[in-house]
Each structure stands twice: as C-alpha cells, then as structure tokens.
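Novice: pasting the structure only:
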C-alpha cells in the first residue's frame, strides 16, 4: 500500500491562515469565518492513548503524525463512564452525551419486563439492504442527537452525513438520526437498512461485487517491520493469546479461516486481521468520490470506525506483536486516506478528528506472570450470580421449582419480577441484599443500587462513572464494577484473549487528536472528556451543540 506525502498549502490555504492569524491578534472569536468543506471523524475501536506513545517511533508522515506534528493533541482525554463498550463509546463521540442521557448503556441490555436481550442498534421494524434480508439496524434506541443531526437540521439540510464501519453499532451511533447512510459489513459486503435508504446505491453494489474482500483469501499476514522491532512487546507466542479463526498464535498466518475455499470461517478470519481496515479505507475513499463529499457548496460529514484493531486486541492483548502490527498498519492506512482527502478536497478545507471508543485490559496471564502479587483474572458470570442467589436463598428462602432470582448483562444485575412476587417482596427490599452479596465477592470493587443511582447518591471515586452509564429505563437494579485487571468471562472455561468495559484508565484513557479548520495546534495536557468532541465540532460548524450534549468547546477562543 502506498501512503502520501502531504502537499503544500495552496494560495487559498495561505489566505485562510493569514485571516486566522489576523483574528488571533484582535481577540477571541466564537465562530470561524468559513466552515470546512469536509469533516472527517475517525474512531479506532480499542485504541488506548498509550499506543500513540509506545509505537510513535515507527509512525510515517501523514498518519498519526498529521496530528502529532501539525495538529492538536489532548493527551489526557477520557471516556467518563463505567461501561466502556463499543456501543456506548461510539454513542458518546458525536452526541457529547453519556448513557444517562442517550440511553446506550452498553452493547446489550435486558428488557426490564421480559428479561429478553436488547441489542443497542436493533430495529425489528427495519430490513437489511444488501445483506440476507434479516432485521435491519437503526438509531431507534439512541435517544440523543449528533453533530450531523444538528448540522442538517439547523444549517445545511442538503449536506451529506455518512458513517461507515465493519460493526453496525459503530456506524449507527456515529451516523445519528439523520444520516444519509450508515454502512457496515456482513460477510464481505457493505450493507445498510431501509431506515436510511430505499435501496443500496449502485456504487456500493459495484464495490461489493468487485471481490475486494475475497481477494484476501490466502493472503499472508506477517509483520510489517523486521521482527526485532517488536521486541518491546515481548515474545510473539504467549500464554493467554487466542488461536481462533484459524489464525494461530504466531506470525506468519494465512487468512483462509483454516479451509481450502472461501467460507464463513474465512470472513471471520478476515475481520480479525488488519486487512479489514484496508478495505474499509478503500470504501471510505469510494464514498468520497461517488458522493462528492467535500466537493460541493456545502459541508459534508464522514465518520469512519476501524474495527479490525478491536478484533486483534481481543485475541492477542495490547502487549502482543499482533497489536503493534495492526497499529502500524493503521497508521499507514490513515496516511493513505488523508493523502487522498488532500488530493480530492484539500486538507486546508477539512477538519479531521481522531479518537477511540475504549481501550483494553492486558491479558490476565501476562499480568500474573510479571507481577504474581497483583490480582488479575477472568470472572465467570455464572459463578458470580450463583453466589448472590445462594445469599438470597439463605435470606428469603429458596424459590419454588428451581426459579431464578436474577438475570444479568455486563455490570448490571436485574431482579426477576416473578421471584419478587412469589416472595411478596418489593425491589427496594432486596436490592441492598444483592449489593451486599456482590461486595463480599473478592473480585468486586463497587456496587450501587438502583435507588442510589436514581437519587444521585452514587459516591466514591467510581460513583460518577457508574452514574454516567446508568439509564433508569434500561439499567439493572444493582450495578457493579469489578476490581482492576478483572473482567467478566461470558464464555465459560475460556482462558484466552482479553476484554474491556471498565472505568479504569486502561479502558477509558483514549486519544483525542485534531487537525484542520478551526483547530488550535498544540499539546494540551489538561483533563478533557470525549464528550467535548461534539460541542467543539458544532462550534467550528457554527451550530448549537447536540441537544443532550454535556461537553465543552476545546478551542473556545482564538487569541
């Protein structure tokens, strides 16, 4: 893959800089003279801030260095919530709000009446376009507005807002309510739903039919750099790494899903490799060309979420050769994409922002090997619930016919109405018992009852993070946080891979990088939140922030 050397500023670009400098001499302003032609928001799925420091010596011109050398770097940016998942993280980025406002408490939650699972991007009333005709996806459950929604509603209804990712929930949350399209991947094809469009555009069909994904069948994934460059990541093969998807635990690996022909297993292997990011970037470039993004008389918005980093990180952990390699390949992909934007639109006419939805925890076995006195581990959700149910049986007596007291999703315990009714108990009578039982477990750091959270009484260091992840109509009756370096194991018996989803810094400290129109270059060390991204973008565009946004403008005045 080639990557681009950024071209010098045009005369028009120099004029913009001169005008900006003149404003700097005359005092603060609240809005730039002209908005960018194209806003690009890049989210890297599972990308902690530490990766920018750890791997920076290997970055090329024009990728991450576009921001690090020529843009604004906020080195202490945080996701300020407890459930650092893909759905809830992407929901923050362009809405400036957390689950307490936007309702996206995680990737999944339970219906409080039926206890059936609800997926954050599900929409039974829509159909998939371009895929298998199954139920589609939409922002039906997303209760906030986004930067794109504000822009199209109050300033420029003819602008195009397009969001793309390999994950449907990422594209849906970035696109918001009024996106012209949100695209995601299913078995090598980019699809959408009839919430957005009546039919898949011809250019998308052509891209799908080109066989780009299938051309990777049999491709070898090896290190981008010589092996000794990866020595700081330790050994290649380490206890706890996952050999799944036919990829094995060491380099090199062949992307074929373990078979001799293209199958579903091949697609699983492809999306667990860095090559899916390459195809996503090609699709983004095709969208720029075919939709003329940034090349009309209005400002367009393109949101891109790279999912391959998350798949690789879950399998091999942040201290692996694989994660270093996918990071370096992402850097080159970004350099190529930004160079393409420079050619098509001109970087002097663009605003580009980069962040992440969450970080990641090291593989527990690696922590234990290095520091055997530092507790770490995988917590079986079944064991945790059974321990609490035994305490409930001891306190209130066993339920008849082997009934269950509880149901759960990550971080949330729901009390079953049938159990309460059979014992003549109210929820408030039992939530403290559940909380106390959870706190007895050595793996649990904190627990809060529904009553505490509804009344704003979740105290301590973690209380505000949990409150930001709590939405009354969707969250559980007791919300809990595991101790640091522990995560819930939803695959009983599994001893490979790692996860995220906590309020700890390894999960919540993420990059926040800016470049282009309306941006004040520099390194900013003050604490900021990812919720600040949306109101900053709307100020650059000259519209009011999203209606539930709680963030602040990161560049409030040019002096």
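Specialist: On my side now, so go ahead. Because the structure is predicted, anything quoted here is derived from the model rather than measured. Numbers count the residues shown, from 1 in each chain.
Novice: roughly how far is the host helix or strand of residue 191 from the heart of the chain?
Specialist: Secondary structure from DSSP states H and E places residue 191 in strand 189-193. Centre-to-centre, strand 189-193 and its host chain are 19 Å apart (Cα atoms, centre = their mean, to the nearest Å).
Novice: strand partners of it, parallel vs antiparallel please.
Specialist: Strand 189-193 sits in its sheet next to strand 122-129 (antiparallel), strand 181-186 (antiparallel), going by DSSP bridges.
Novice: Which elements pack onto whichever helix or strand comes after that strand?
Specialist: Next in sequence after strand 189-193, counting helices and strands by DSSP H and E, comes helix 202-209. Packing partners of helix 202-209 (3 or more Cβ pairs under 8 Å, 6 or more residues apart in numbering; DSSP states H and E): strand 189-193, helix 275-290. No exception for glycine: its C-beta is placed from N, CA and C like everyone else's.
Novice: Just want the angle from the last one to helix 202-209.
Specialist: This means helix 275-290. Here the directions of helix 275-290 and helix 202-209 differ by 150 degrees (axes from the mean of the first three to the mean of the last three Cα atoms, to 10 degrees).
Novice: Which neighbouring elements make contact with helix 275-290?
Specialist: Applying 3+ Cβ pairs under 8 Å, 6+ apart, we find helix 275-290 packed against strand 161-165, strand 181-186, helix 202-209, strand 300-306, helix 308-316, helix 321-344.
Novice: Which of these sits closest to residue 223?
Specialist: helix 321-344 (5.6 Å; Cβ to Cβ).
Novice: What residues of the closest one count as buried?
Specialist: Buried residues in helix 321-344, counted by 16 or more other Cβ atoms under 10 Å: 321-342, 344.
Novice: Of the helices and strands packed on helix 202-209, which stretch is the most buried?
Specialist: Comparing these on average neighbours per residue, with mean count of other Cβ atoms under 10 Å, the densest one is strand 189-193 at a mean of 25.
Novice: pLDDT (mean, whole number) over it?
Specialist: Taken as a whole, strand 189-193 has a mean pLDDT of 97.
Novice: residues in contact with it?
Specialist: By Cβ atoms under 8 Å, 6 or more residues apart in numbering, the residues outside strand 189-193 that reach it are 123, 126-131, 136-138, 164, 181-185, 200, 204, 207-208, 213, 283.
Novice: which among these end up buried?
Specialist: 123, 126, 128-131, 136-138, 164, 181-185, 200, 204, 207-208, 213, 283.
Novice: dump the residue contacts of residue 146.
Specialist: Contacts for residue 146 (Cβ under 8 Å, 6+ apart) come out as 94-95, 174-177, 534, 546.
Novice: how deep is the closest residue to it other than its chain neighbours tucked in, by neighbour count?
Specialist: Spatially, and ignoring its direct neighbours in sequence, residue 146 is nearest to residue 176 (3.2 Å; Cβ to Cβ, 6 or more residues apart in numbering). Here the number of neighbours of residue 176 (other Cβ atoms under 10 Å) works out to 27.
Novice: For residue 47, what are phi and psi?
Specialist: phi -150, psi 90 (degrees, to the nearest 10).
Novice: domains for this protein, by residue range?
Specialist: Following automatic domain parsing, the chain resolves into domains at 29-363+506-541, 373-489.
Novice: about what we covered before: can I get the contacts of residue 146 in CSV with secondary structure and pLDDT?
Specialist: Output for the contacts of residue 146, formatted as CSV (DSSP: H, G, I helix; E, B strand; the rest coil; pLDDT from 0 to 100):
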residue, secondary structure, pLDDT
94, coil, 98
95, coil, 98
174, helix, 98
175, helix, 98
176, coil, 98
177, coil, 97
534, helix, 98
546, coil, 97
